[in-house]
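Visitor: sharing a model prediction with you, sequence too.
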Amino acid sequence: MPQGNAPTAHGVRILLGDLCEVTAGPSGSLLDRLHDGPDGVPVISPPDLAGDHRVDSRKVRRVPQIDADRLERFAVREGDVLVVRQGALGRLALIEQAQSGWLYGSSCLRLRPLPGGILPAFLAAYLSHPPVQRAMLGQALPGTVPALNSTLLRELPVTVPAMDRQYAIVEALADVADQIRIQRQMAERLESLRPAIFRELLQGTRDTWR
């Protein structure tokens, strides 16, 4: 367990830098051959971070394999958490097995939890909690484009419950996320039916809609 822990009513308060490796993305000049084609290694950027802590790979850009080999230290693996550090501050994603080996761009920070300290899914949920988001954004450096400094982010205190409590929280939040996805799919299906229903009602081929 990291040093300097502070017990609280809900767990142990630990600095983020004692729980994770915090690594800023590569300089933009090292990614000057980013392209939209199908070949090469994907590079995750802020627009690719979806609202449900996932990476949306539909528009991800890529670099040639030779560039990816040079930038191997900026590869992600399952369990990493990517946080936007420049621009759309506060957005984040939990890396899944499907994205292992991908790279991340200069506008992101990679948080790699140390073994035995914190569950990656719990960390992603914790950093998304509104009071924690406000604390994170409060550390942003002022400027035309606000930015999170990796050194200051390491000083962010994290309340870490016992491991069994972390598992329970992650499981409960996963159930909620599943229900949200189901409801969204239902809403999208109904929305897609709207034009057909209108057309049938307009043509008089449908009397009522139940």
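Guide: Cool, the structure landed. Numbers count the residues shown, from 1 in each chain.
Visitor: which non-adjacent residue is nearest the residue positioned nearest the centre of the chain?
Guide: In the chain, the C-alpha nearest the mean C-alpha coordinate belongs to A93, at 1.2 Å (Cα atoms, centre = their mean). The shortest distance from A93 to any non-neighbouring residue, by Cβ to Cβ, 6 or more residues apart in numbering, is to L49 (4.4 Å). Glycine gets a C-beta too; all of them are placed from N, C-alpha and C.
Visitor: V43 contacts P64, doesn't it?
Guide: No: using Cβ atoms under 8 Å, V43 is not in contact with P64, being 11.0 Å away.
Visitor: between these two, who's got more neighbours?
Guide: Neighbour count, other Cβ atoms under 10 Å: between V43 and P64, V43 has more, with 25 against 15.
Visitor: who does the more buried one form a beta bridge with?
Guide: For V43, the beta-bridge partners under DSSP bridges are R61, L103.
Visitor: next SSE after the helix or strand of the chain with the lowest mean pLDDT?
Guide: Least confident helix or strand, the chain: strand 6-8 with a mean of 60, by mean pLDDT, DSSP states H and E. With elements assigned by DSSP states H and E, the helix or strand that comes after strand 6-8 is strand 11-15.
Visitor: on the three-state scheme, D69 is what?
Guide: Here D69 is recorded as helix under DSSP: H, G, I helix; E, B strand; the rest coil.
Visitor: L119 reaches A162, doesn't it?
Guide: No: the criterion here is Cβ under 8 Å, and L119 misses it with A162 at 11.2 Å.
Visitor: so between these two, which is more surrounded?
Guide: Each of L119 and A162 has its neighbours counted (other Cβ under 10 Å); L119 has more, 18 against 11.
Visitor: excluding chain neighbours, what is closest to that one?
Guide: In this structure, L119 finds its nearest non-sequential neighbour in Q166, 4.7 Å apart by Cβ to Cβ, 6+ apart.
Visitor: sorry, back to before: any idea how many residues pack against the residue nearest to A93?
Guide: Neighbour count for L49, taken as other Cβ under 10 Å: 23.
Visitor: mind listing the residues bridging to it?
Guide: Counting by DSSP bridges, L49 is bridged to V55.
Visitor: could you shift the numbering so residue one becomes 42, and keep it that way?
Guide: All right, first residue 42 from here; so that's L90.
Visitor: so it makes contact with L130?
Guide: No: in this structure, L90 is not within contact of L130 by Cβ under 8 Å, at 11.4 Å.
Visitor: ok now do the residue nearest to the centre of the chain, which residues does it touch?
Guide: Listed by Cβ atoms under 8 Å, 6 or more residues apart in numbering, the contact set of A134 reads I85, D89, L90, A91, H94, R95, V96, V122, L123, A165.
Visitor: repeat for P161
Guide: Contacts for P161 (Cβ under 8 Å, 6+ apart) come out as G120, D121, V122, L135, P154.
Visitor: got it, and A129?
Guide: By Cβ under 8 Å, 6+ apart, the contact set of A129 is P87, L90.
Visitor: go on, P172?
Guide: By Cβ under 8 Å, 6+ apart, P172 has no neighbours at all.
Visitor: good, we can wrap up now.
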